[in-house]
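Enquirer: Structure of the sequence below:
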Amino acid sequence: MESLETLNFSGQANHDLGVMETKPKGSASLAAVISAFVPTWVTGLIFVAIFILIRRWYPNIYAPRTFIGTIPEKDRTPSADQSCFNWVHTMLKVPDKFVLYHQSLDAYLYLRFLRTTIFICLAGCCLTWPILMPVNATGGGSSTELDKIGIGNVKKKGHFYAHAIMAWVFLSFVMFTVARERLWLIGLRQAWTLSRPVATRLSSRTVLFLSAPRDALEESNIHRFFGEAALRIWPAAKIEALESLVSSRKSKVEHLEAAEMSLIRKAYREGRKREISVHSQNGNLAYEEGLPDSVKKSIRPRHKPNVSPLNEKVDSIEWLRDKIKEEEAEIEGLRKAYEIGETNGAAAVFVEFRTCAEAQQACQHVASSSLLALHPRYIGVSPNEAIWKNLAIPPARRISEEGTSLAIVIATIVFWSIPSGFIGLISNISYLADNFEWLGFLKNLPNPVMGLLSGLIPPLATSWLSKMVPNIFRYIFKSFGSPTNTAAELRVQKWYYVFQVTQVFLVTAVFSGAATLAEELMDRVKNPISIPELLARQLPKASNFYLTYFIVQGTTSAADNLLNYSDLLEYLFCGYFFDRTPRQKFNRYTSMKGIAWGKLFPKFANFAIIAIAYSCIAPLVLGFAAIGLSLYYFSYRYNLLFVIQPKIDTKGQAYTLALEHLLTGVYIAELSLLGLFSLRKATGPSILIGLLFVLTVLYNVLTNKYLVPLERLLPTDLATQSEGANESTPLLSSAEEGHAQPTSHIQHLGQQAHVPQTVAHRILEPLARFFEPQVFTSYQAMRSWLQDEDSYDIDEDVPEYTEEQLQKAYLNPVLTSPTPLIWIAKDPMGVSQNEVSENEQHGLKASDQGAWLDRKGKLQWSVREFGEIPIWKQGVIY
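Expert: Presented below is the predicted three-dimensional model:
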């Protein structure tokens, strides 16, 4: 493993492995690691200390899932009190499975993914460190410090057999783990989807068909297109004028509430002044009698309705009331006149089926003979996931928009090489100082400063840059036709993974500079066989960068997840300066933090990819990756238990993608070793790795061939069987539940050997569960595993719907949403009562319940009693 100082920027391969063998001038690898380690750990500890001190002061930021009214009581995280350390007890006692039952499948699978990557890294440490580190250290090279235990220190060809054999062992273990997790996920998704609480949800029985022909939107044709099992349809067509009016009405209601609150505050201040001036001892003055008409008129908010300066100011409250009623009348008129004309495929339709099994069958069948009609289709879409403006897009335009979005995303990834490559240059600051005269002054900097510049700044910059990308991708996909937020998020995940691997890993590690990127890419396109050689030359030299990268990410970023200072500052700043109405206060307080699966899964998949790629080149990276991922697991576990409310549900698809992405690390590791052994003319190890590469490709093809259909669709036989099953009866025999299963060979051998029960339970059973997935990941076994929990009440979680809810469920909200209630705060002078009365006289619903002005004139609301909030109602789980 070579220091980053010795990177060759000419882009030309040195003869043989001269670059790797040359002893660096004063290797700074250990200094760079320490320089990054000390400040980041200090920063992380400071963040955690601040978090512990202020956590109980802001429960809505740090523990909303323990009390907030928007979370049903049965789904709240148990918490005894708000003491400084009671959350530690909760973290220790509450299992990850709690997240599965009380949040979402994706939330649980995300924690499992972090545990799986940690497990892979720790297993890699146990396998590679005892063998490869001594082999590298005695390899006959002249490297020093951390470089001595990397493959760059190996000059003896015979030593490479150890690397080849360990590659077979560890990379095969990785592939087995990925396949086992995919099998486990298939069983879990089948059991989860067919469980009563999920299978009886309306979304589980509803299929979204895009590019629907005009006839398919008619209720009378429901059985013609969708079969006898179809019960109800909700067509979705273009209604842009109505969407614009509804949005404008909502905006005017919010402006009216702000104007009403401005009047209430001014009246209260005037009343307080008069109380003091007349030394009133009889309480608050009444608004109607206590203030002169001139004062009441002067404090009413006024504005110019148009931009033109010639227009006179009008009473804002009266004007807004009139405008809301005008738009309300227009909206009702458009709704009554609404009918779907000729669509030319620019429409979509949601179809409800009798059962989950029949919905699954309909999703798999061809519903129309017309090209592109009723395709693509999605099952399990909740109404709040739909991007309504993207449903009514013609098929040809949808295809062109998808192509455009992909072109923009690919261009973004390619041109991001410029800032990413610049970071690679900074990481090689010693080389720059030695070879460029105008940068010679850098050699006079103290060693700790040089270590900081090469060790800490590049990882921080890489982290900051990569944070911007998923938001850009998400905006692109939502702007170019993605029909649902889930579909957009999965596309973000796929392409952000490409970004992470190419930019955060390969460009920084392999090219290490924008200056050589274009030249290297052209060379590899002309001669793709040389890619292994490029990886072999460059990957070992960049390992120090990723040691510090894992340190920075695992300490400061994980601690930042706990402290969450950005949300805290936003809450304090915006709450004080911008939130002037009860609705704004309520929304700010109750808007719980979400989580972006398309951003997080690729980030940590790339962590694991880097660790796997370096497993046989620089095994130390595995340990640093395990530590960084463990810190992240702790911080995200806290957030999912106490803070986060996921808003997107991919139903396990995100985890499936992340598992598939891990194999990229296997391919890179194999290509790197193949190139390295070829350069060193180590024929035996080269043959071993070449054979492993072929088997990896074969493994990948076969697993995708047989697993992908089960990952995407639900087997019809299971769905049909589940519909007739009575889940209140015992599901499995004791053998099927995993207690002394006769089909488990490992447990059977333990029984024959009369292994003590304690050893069988603690050692043999975990081994059997891991190495025999065909037994323990079946649908029946996972179904039993799901119900093996006291907190999982099947009957309590089964949803029930009223007929009105069913009729409106998948209609565009602009067709059904009423004028929002006007919510203002009650005040001591009675202004709010007067305004509520006047609003109702104008035909606008209004209330001053659940919010008030205190004696200091500050706005307060019923934080703990959501039943008093007039704009809040418990959401329906579709």
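Enquirer: nearest residue to residue 615 other than its sequence neighbours?
Expert: Of all residues not flanking residue 615 in the chain, residue 124 sits nearest, at 5.0 Å (C-beta to C-beta, 6 or more residues apart in numbering). Glycine gets a C-beta too; all of them are placed from N, C-alpha and C.
Enquirer: The one you found: which element?
Expert: helix 105-137 (DSSP states H and E).
Enquirer: roughly how far is that helix from the heart of the chain?
Expert: 22 Å (C-alpha atoms, centre = their mean, to the nearest Å).
Enquirer: on contacts alone, who are the packing partners of it?
Expert: If contacts are counted by 3 or more C-beta pairs under 8 Å, 6 or more residues apart in numbering; DSSP states H and E, helix 105-137 sits against helix 97-102, helix 160-194, helix 597-613, helix 620-642, helix 653-679.
Enquirer: if we can go back for a sec, may I ask you to confirm that the residue nearest to residue 615 is in contact with residue 622?
Expert: Yes. Look at residue 124 against residue 622 with C-beta atoms under 8 Å: they come within range, at 4.3 Å.
Enquirer: which residues are common contacts for the two?
Expert: Counting by C-beta atoms under 8 Å, 6 or more residues apart in numbering, the residues touching both residue 124 and residue 622 are 611, 615.
Enquirer: tell me, how many neighbours does residue 573 end up with?
Expert: Close neighbours of residue 573, defined as other C-beta atoms under 10 Å, add up to 10.
Enquirer: give me every residue that touches residue 483.
Expert: Residues counted as contacts of residue 483 (C-beta under 8 Å, 6+ apart) are 208, 210, 348, 376, 378, 386-387, 390-391.
Enquirer: any idea how far it is from residue 598?
Expert: Counting by C-beta to C-beta, to the nearest Å, the separation of residue 483 from residue 598 is 16 Å.
Enquirer: Does anything pack onto the helix or strand that contains residue 694? Which helices or strands?
Expert: Using DSSP H and E, residue 694 sits within helix 683-712. Counting contacts by 3+ C-beta pairs under 8 Å, 6+ apart, helix 683-712 packs against helix 160-194, helix 653-679.
Enquirer: For the helix holding residue 124, buried residues please.
Expert: For helix 105-137, the neighbour count (16 or more other C-beta atoms under 10 Å) marks 105-114, 116-118, 120-125, 127-128, 131-133, 135-136 as buried.
Enquirer: all strands in the stretch 351-500 of the chain, in order from the N-terminus.
Expert: 377-379 (DSSP state E, counting those that start in this stretch).
Enquirer: Sketch out the low-pLDDT regions of it for me.
Expert: 367-369, 420-421, 424-425, 427, 430-432, 435-440, 455-456, 459, 462-463 (pLDDT under 70).
Enquirer: where does the nearest residue to residue 140 once chain neighbours are set aside fall, phi/psi-wise?
Expert: Nearest residue to residue 140, sequence neighbours excluded (C-beta to C-beta, 6+ apart): residue 155, at 4.1 Å. Main-chain dihedrals, residue 155, degrees, to the nearest 10: phi -110, psi -20.
Enquirer: Repeat that for residue 860.
Expert: According to degrees, to the nearest 10, residue 860 has phi -130, psi 160.
Enquirer: can you count the residues close to it?
Expert: 15.
Enquirer: and residue 349, that's in a strand?
Expert: Yes. Residue 349: assigned to a strand according to DSSP: H, G, I helix; E, B strand; the rest coil.
Enquirer: isn't it right up against residue 216?
Expert: Yes. With contact defined as C-beta under 8 Å, residue 349 counts as touching residue 216 (5.8 Å).
Enquirer: Quick check: neighbours shared by these two?
Expert: residue 209.
Enquirer: For the residue nearest to residue 615, list the residues it contacts.
Expert: Per C-beta under 8 Å, 6+ apart, neighbours of residue 124: 170, 611-612, 615, 619, 622.
Enquirer: which regions of the stretch 1-150 of the chain lie under the pLDDT threshold?
Expert: Ranges of the stretch 1-150 of the chain meeting pLDDT under 70: 1-29, 32, 80-82.
Enquirer: So which residues of it form helices?
Expert: 18-21, 29-54, 59-62, 86-93, 97-102, 105-137 (DSSP state H, counting those that start in this stretch).
Enquirer: for these, which one sits closest to residue 338?
Expert: helix 105-137 (35.9 Å; C-beta to C-beta).
Enquirer: doesn't residue 139 make contact with the residue nearest to residue 140?
Expert: Yes. Under the criterion of C-beta under 8 Å, residue 155 makes contact with residue 139 at 5.9 Å.
Enquirer: More neighbours: those two, which one.
Expert: Between residue 155 and residue 139, residue 139 has the larger neighbour count (other C-beta under 10 Å), namely 21 against 14.
Enquirer: Look up how far residue 678 lies from the nearest residue to the more buried one once chain neighbours are set aside.
Expert: Excluding the flanking residues, the one nearest residue 139 by C-beta to C-beta, 6+ apart is residue 154, at 3.2 Å. As for residue 154, its distance to residue 678 is 15 Å (criterion: C-beta to C-beta).
Enquirer: Now the closest residue to residue 621 other than its chain neighbours. Its backbone dihedrals?
Expert: Among residues not flanking residue 621 along the chain, residue 614 sits closest, at 3.9 Å (C-beta to C-beta, 6+ apart). Note on residue 614: backbone dihedrals following degrees, to the nearest 10 are phi -90, psi 0.
Enquirer: try the one 3 residues further on
Expert: Dihedral angles phi and psi of residue 617 (degrees, to the nearest 10) take the values phi -100, psi -50.
Enquirer: Surely it and residue 539 touch.
Expert: Yes. Look at residue 617 against residue 539 with C-beta under 8 Å: they come within range, at 6.0 Å.
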